[in-house]
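1. quick one, structure for this:
(one chain, ligands or ions: 1)
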Amino acid sequence: MEKNNTEEATAETHASAPILIARDVDVFYGKKQAIKNVSLDIPENQITALIGPSGCGKSTFLRCFNRMNDSIDSCQVSGNIQFAGQDIYGPKVDVVALRSRIGMVFQKANPFPKSIFDNVAYGPRIHGLSESKDHLEDIVITSLRRAGLYDEVSDRLDEPGTSLSGGQQQRLCIARAIAIDPQIILMDEPCSALDPIATAIIEDLMDSMKEKYTIVIVTHSMQQAARVSQQTAFFHLGELVESGDTESIFTKPAQKQTQNYISGRIG
Ligand SMILES: Nc1ncnc2c1ncn2[C@@H]1O[C@H](COP(=O)(O)OP(=O)(O)OP(=O)(O)O)[C@@H](O)[C@H]1O
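-> Numbers count the residues shown, from 1 in each chain. Below is the predicted model:
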């Protein structure tokens, strides 16, 4: 009995070990501060939801994790973010390599103007991940399967990615992210352009994906955060008000601001 408890405790500790650690992160767009001294741990193989009212800084904070903010001239990020123990803003960091480990899926599905196959094969080709044509085919098929799309497209891999439905296009983008073998997938409101059925498919998919990947999702939908995530972080006016396990945040939040948001009093 005692042994089982120890095993359980070890498994639990392992399951919640942080893969991303943000400390004292500030983000400015010019003189305007969008993120104020935010510290947050992202546990491995879990889904963390970033929630909060429009403009509170969720997407800005998400983009810090794979340095997508680098491409915005006015944007300055300071503080410390570690990925698997390495400072991702360190001088020697190869941003392209970082983004292959920390992939991203955007609000609006954005397939390349290429075939379904080539959309998924693109990343492995440019990152030199495939040893042969057969290996590349394997990667494409495995990625499409992991994204829950293969069965729907197996007989039309040569057709344009843009010929798919919105929900299928979003799963194609997830397959594209998976194809370069990331550890983390950042999702910025991935279902906001989708109908409830396509949304439910993606939510089920996320649940199965967390066995292999760590997911951080920005969502406007509190119901979605409650359905899919194990951890939730609530932002307001650029500050992290509170974070913790999703059930606690939604049933007994520690902060009044969180309570007001989840009960619809601010939004
Ligand atoms: N490229 C940019 N240039 C200048 N200001 C920006 C830029 N992107 C975001 N901001 C500002 O930073 C703040 C945070 O924006 P951000 O998009 O991160 O919030 P959000 O919580 O994701 O909002 P939403 O839920 O509406 O998408 C806002 O005040 C926004 O106007």
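2. all strands of this structure, in order?
-> 18-29, 32-43, 47-51, 75-83, 86-87, 102-105, 184-188, 214-218, 231-236, 239-245 (DSSP state E).
3. just the C-alphas of the second one, formatted as CSV.
-> What that stands for is strand 32-43. Taking C-alpha atoms only, strand 32-43 is exported to CSV below (Å, rounded to 0.1, in the frame of the first residue of the first chain):
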residue,chain,number,x,y,z
LYS,A,32,2.4,50.5,-24.1
GLN,A,33,2.8,47.6,-21.6
ALA,A,34,0.8,44.6,-22.7
ILE,A,35,2.2,42.0,-20.2
LYS,A,36,3.1,43.0,-16.6
ASN,A,37,5.5,40.9,-14.6
VAL,A,38,4.0,37.6,-15.4
SER,A,39,5.4,34.3,-14.0
LEU,A,40,3.8,31.0,-14.9
ASP,A,41,4.8,27.3,-15.2
ILE,A,42,3.4,25.2,-18.0
PRO,A,43,3.2,21.6,-17.0
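4. in terms of secondary structure, what does it contact?
-> Packing partners of strand 32-43 (3 or more C-beta pairs under 8 Å, 6 or more residues apart in numbering; DSSP states H and E): strand 18-29, helix 58-64, strand 214-218, strand 231-236, strand 239-245. Bear in mind the C-beta positions are built from the backbone N, C-alpha and C, glycine included.
5. save these as CSV, and put in mean neighbour count too.
-> CSV is the format used below for the helices and strands packed on strand 32-43 (neighbours: other C-beta atoms under 10 Å):
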stretch, mean neighbour count
strand 18-29, 18
helix 58-64, 23
strand 214-218, 24
strand 231-236, 25
strand 239-245, 18
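6. turn those into TSV, columns for distance to C173 and mean pLDDT.
-> Output for the helices and strands packed on strand 32-43, formatted as TSV (distance: least, C-beta to C-beta, whole Å; pLDDT from 0 to 100):
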stretch	distance to C173	mean pLDDT
strand 18-29	21	97
helix 58-64	16	98
strand 214-218	14	98
strand 231-236	23	97
strand 239-245	27	97
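7. setting aside sequence neighbours, what's the nearest residue to the spatially most central residue of the chain?
-> Geometric centre of the chain, nearest residue: L186, 2.0 Å, by C-alpha atoms, centre = their mean. Nearest non-adjacent residue to L186, counting by C-beta to C-beta, 6 or more residues apart in numbering: M104, 4.6 Å away.
8. repeat that for D158.
-> S115 (5.0 Å).
9. tell me the contacts of the one you found?
-> 157-161 (C-beta atoms under 8 Å, 6 or more residues apart in numbering).
10. so it versus the ligand, what's the distance?
-> Distance, S115 to the ligand, by C-beta to the nearest ligand atom, to the nearest Å: 32 Å.
11. change the start of the numbering to 18 and stick with it
-> With the count now opening at 18, the last piece we talked about shows up as S132.
12. what bridges to that residue?
-> Counting by DSSP bridges, S132 is bridged to P177.
13. go on, R40?
-> N97.
14. correct me, but it touches I105?
-> No - assessed by C-beta atoms under 8 Å, R40 is found out of contact with I105, at 12.0 Å.
15. which neighbours do those two have in common?
-> Residues touching both R40 and I105 (C-beta under 8 Å, 6+ apart) are 98-99.
16. and the residue lying closest to L166 once chain neighbours are set aside, how close does it get to M85?
-> Excluding the flanking residues, the one nearest L166 by C-beta to C-beta, 6+ apart is R188, at 4.3 Å. Using C-beta to C-beta, to the nearest Å, R188 is found at 21 Å from M85.
17. where does the stretch 168-284 of the chain dip in pLDDT?
-> The stretch 168-284 of the chain contains residues with pLDDT under 70 at 283-284.
18. returning to what we had before: how many other residues sit next to the residue nearest to L203?
-> 20 (other C-beta atoms under 10 Å).
19. for the closest residue to Q248 other than its chain neighbours, what are its contacts?
-> In this structure, Q248 finds its nearest non-sequential neighbour in T65, 4.3 Å apart by C-beta to C-beta, 6+ apart. Residues in contact with T65 (C-beta under 8 Å, 6+ apart) are 59, 231-234, 246-250.
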